[in-house]
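Student: Output the structure for:
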Amino acid sequence: MHFRTVQSPNPHFSSTDVSGGQSLHHQIGAIGAERGAEAVGVAYYDYHHRIGWGYRADRWFHAASTIKVPVLLGVFDAIEQGRLKPQSRVHVRNRFLSVVDGTPYRVEASRDANADVQGAIGRTMQLRELARHMIVTSSNLATNLLIDIIGLDEIQRSIARFGLHGIELRRGVEDMKAWDHDINNRVTADGLLSTLRVIQEEEHFSEELRAEMLDILHAQEFRSGIPAGLPDGARVANKTGEISTVAHDAGIVFLPDREPYVVVVLTEWLADAPGSGRKETIARISRAIYEHVTDGDVLLEKPRA
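Tutor: Below is the predicted model of the structure:
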C-alpha cells in the first residue's frame, strides 16, 4: 500500500490518512487499469481534516505543462524578493538557447496554445501578463520568456528554498535537442502537491502576491480533468499538462462550507494509445478523491452523474 505521511511546508499540517485509504487505493488502481493507463500517480492533502494520502505519489512522470506551476512559483518568488515587479516589461522574442550546447531554437506557433504572445513578438508584455498566459492558456512562448528573465538557476533555487522534492526543472519548453538527450522536466504527484501548498498557505508570500497566483490558477481554461469530476459549485485553481505519453492535472479544490483540498493526478500512456479517455480517467479519479475527502462532511449538492 502507498500510505504515507504528507510532509508540509507548514509543520502544523501533516498527518497520515489510513481511514478508507485501502478502498481508495483499490478504486484508483481499477480506474487506471480499466482505461489502459500505463501508470497513475495521485496525491491529495485536505486542509479541512488535516489529512493527506498518496497512490504511487513518489513515481516520476514527464511533467508536460504542469512544470509551469513551479515556474509560476519561481516568478512570484523573484517578485517577493524584490528582484522584479509584476508590471516589469519583458521584450517578447522567440529565440532561446538549448541547455545541451547553447544552439538557438524557437517555439513554433503551431505548437503553442496561445496566439496572443506569439502576436506580441517584437513588442513588450508585463511579467504578470506572461505569467497569466503561461498558466491560463498554457503558452509555451510565455513560459520560456519567464524562465529566461528569471533564470533557470534562480527558479531551481526557489524550488530548493521552499524544500520541494519531486520537481525537476531542467530546461525550457520545446528544447528538442535536450529532449533528444533525455533532458526533460519531471514531477511526482507529491512534488506538485507540495508546490501548490506553498501557493495556498499564507506564510510564504504576501497576501497580494498569493491572491494573484491563485487568481491566475482559477482562470485556467482547461477544465476537463479535475474540475469535471466535481459538483457544480466547486471552484478549482488548476494546471493541466498533456503530451503524447502523459496527461496530468493538479489543482486546489474549493468547496462550499469547508476548507479546500489539494489534489494531483498524473497518468502515463502508450504513445499510440487513444487519447479520448485520458481526461475522463483524471475526472473519475478526481471524483473518487472528492467523495473520499468529503466523507462525513455535510454536502450541499451531489456530484454530477
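Student: What strand or helix carries Ile28?
Tutor: Assigned by DSSP states H and E, Ile28 falls within helix 21-35.
Student: Can you name the residues in contact with that helix?
Tutor: With C-beta atoms under 8 Å, 6 or more residues apart in numbering as the test, helix 21-35 has contacts from 1-3, 39-40, 42, 53, 55, 267, 277-278, 280-281, 284-285, 288-289, 292. C-beta coordinates here come from the backbone N, C-alpha and C atoms, glycine included.
Student: And stretch 154-168, by the same measure?
Tutor: Contacts of stretch 154-168 (C-beta under 8 Å, 6+ apart): 9, 58, 60, 63, 67, 70-71, 73-75, 77-78, 147, 169, 185-192, 194-195, 198, 204.
Student: what does stretch 264-271 give?
Tutor: With C-beta under 8 Å, 6+ apart, stretch 264-271 has contacts from 32, 36-44, 57, 59, 61-62, 66, 187-190, 192-193, 196, 225-226, 244-251, 275, 278, 281-282, 285-286, 289.
Student: May I have the secondary structure class of the residue nearest to Pro227 when sequence neighbours are not counted?
Tutor: Among residues not flanking Pro227 along the chain, Val236 sits closest, at 4.5 Å (C-beta to C-beta, 6 or more residues apart in numbering). Secondary structure for Val236, judged by DSSP: H, G, I helix; E, B strand; the rest coil, is strand.
Student: before we move on, the earlier item: just the buried subset of the contacts of stretch 154-168, written out for PyMOL, thanks.
Tutor: Listed next is the PyMOL selection for buried residues among the contacts of stretch 154-168, using 16 or more other C-beta atoms under 10 Å:
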select buried, resi 9+60+63+67+70+71+73+74+75+77+78+147+169+185+187+188+189+190+191+192+194+195+198+204
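Student: Among the contacts of stretch 154-168, which lie within strands?
Tutor: Of the positions in the contacts of stretch 154-168, Arg186, Val187 sit in strands, assigned by DSSP state E.
Student: returning to what we had before: Ala228 is in contact with the residue nearest to Pro227, correct?
Tutor: No: when contacts are counted by C-beta atoms under 8 Å, Val236 is not listed as touching Ala228 (9.6 Å).
Student: Who has more neighbours out of these two?
Tutor: Val236 (23 against 17; other C-beta atoms under 10 Å).
Student: thinking again about what came up before, would you mind listing which of the contacts of helix 21-35 are buried?
Tutor: So, by 16+ other C-beta under 10 Å, the buried ones in the contacts of helix 21-35 are 2, 40, 42, 53, 55, 267, 277-278, 281, 284-285, 288-289, 292.
Student: The helix or strand bottoming out on mean pLDDT in the chain: what's the following helix or strand?
Tutor: Lowest on mean pLDDT, DSSP states H and E among the helices and strands of the chain sits helix 21-35, with a mean of 90. Counting by DSSP H and E, the next helix or strand C-terminal to helix 21-35 is strand 39-46.
Student: Just want the angle from that next one to helix 21-35.
Tutor: Using axes from the mean of the first three to the mean of the last three C-alpha atoms, to 10 degrees, one finds that strand 39-46 and helix 21-35 are set 140 degrees apart in direction.
Student: Show me what strand 39-46 is packed against.
Tutor: Here strand 39-46 touches helix 21-35, strand 51-55, helix 189-200, strand 261-268, helix 278-293, going by 3 or more C-beta pairs under 8 Å, 6 or more residues apart in numbering; DSSP states H and E.
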